[in-house]
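Chemist: sequence unknown, structure follows:
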């Protein structure tokens, strides 16, 4: 029986509760056997953004996802270094899991930029796409966009419920606000940030 293996990549700069809540929801909704959480070494989508080190972002992900069953934090892109392109990561995983079904998990904002990614047609051959709406209006936009992706050979899935997402930029901008930080970050991630004086804390 083919397993269902998904990747959830991003800069995770820092990882926050919306990331972990979404991952948990996706694992349960799609009955995933494994969800790889993959922090980028260097994101091609976020040039110019202040970024903590790959080692710190990896460690924060390991802390945040520790108790989520079937979520596995991977350093595959950090080990590869350079720009982190999804098509390269999928090829590596396909070599590891040639007989399993691969999926990519992403937020709505990234979903509508898919045709602009490196080698999108190759991505669509290697994996199915899972995304989620921010609200009911956004769901309709994603449904319409999925028809466009279908003409390019993509198989897409949209969660039938909205998922609240918070940007990591918002976290970084409010990191000095303890109440905000404790509400939106795993407690041990917040302690790690304080201990290591990340994000100017």
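Modeler: Yes, it's here. No experiment lies behind these values; they were computed from the predicted model shown.

Chemist: could you list the low-confidence segments of the protein?
Modeler: 1, 45-48 (pLDDT under 70).

Chemist: show me where it has helices.
Modeler: For the chain, applying DSSP state H gives helices covering 17-29, 54-64, 76-80, 86-96, 108-111, 120-126, 136-151, 168-173, 178-184, 187-195.

Chemist: let me know which of those helices is tucked in deepest.
Modeler: Of those, the one with the most neighbours on average (mean count of other Cβ atoms under 10 Å) is helix 54-64, at a mean of 20. (Each C-beta comes from the backbone N, C-alpha and C, glycine too.)

Chemist: give me the angle between it and helix 187-195.
Modeler: Orientation check (axes from the mean of the first three to the mean of the last three Cα atoms, to 10 degrees): helix 54-64 against helix 187-195 gives 150 degrees.

Chemist: so what secondary structure elements neighbour helix 54-64?
Modeler: If contacts are counted by 3 or more Cβ pairs under 8 Å, 6 or more residues apart in numbering; DSSP states H and E, helix 54-64 sits against strand 34-39, strand 71-73, helix 76-80, helix 187-195.

Chemist: what residues of the second one count as buried?
Modeler: This means strand 71-73. 71, 73 (16 or more other Cβ atoms under 10 Å).

Chemist: other residues contacting it?
Modeler: Contacts to strand 71-73, defined as Cβ atoms under 8 Å, 6 or more residues apart in numbering, come from residues 23-24, 27, 34-39, 58, 61-62, 65.

Chemist: recalculate using a threshold of 6 Å.
Modeler: 23, 34, 35, 36, 37, 61, 62, 65 (Cβ atoms under 6 Å, 6 or more residues apart in numbering).

Chemist: and for the last one?
Modeler: Under the contact criterion Cβ under 6 Å, 6+ apart, helix 187-195 has outside partners 60, 63, 64, 181, 201.

Chemist: how much distance is there from it to the middle of the chain?
Modeler: 21 Å (Cα atoms, centre = their mean, to the nearest Å).

Chemist: one more: the first one?
Modeler: For strand 34-39, the distance between its averaged C-alpha position and the chain's averaged C-alpha position is 8 Å (Cα atoms, centre = their mean).

Chemist: compute the inter-axis angle for that strand and helix 54-64.
Modeler: 140 degrees.

Chemist: tell me what strand 34-39 is packed against?
Modeler: In terms of contacts (3 or more Cβ pairs under 6 Å, 6 or more residues apart in numbering; DSSP states H and E), strand 34-39 is packed against strand 4-10, helix 54-64, strand 71-73.

Chemist: thanks a lot, catch you later.
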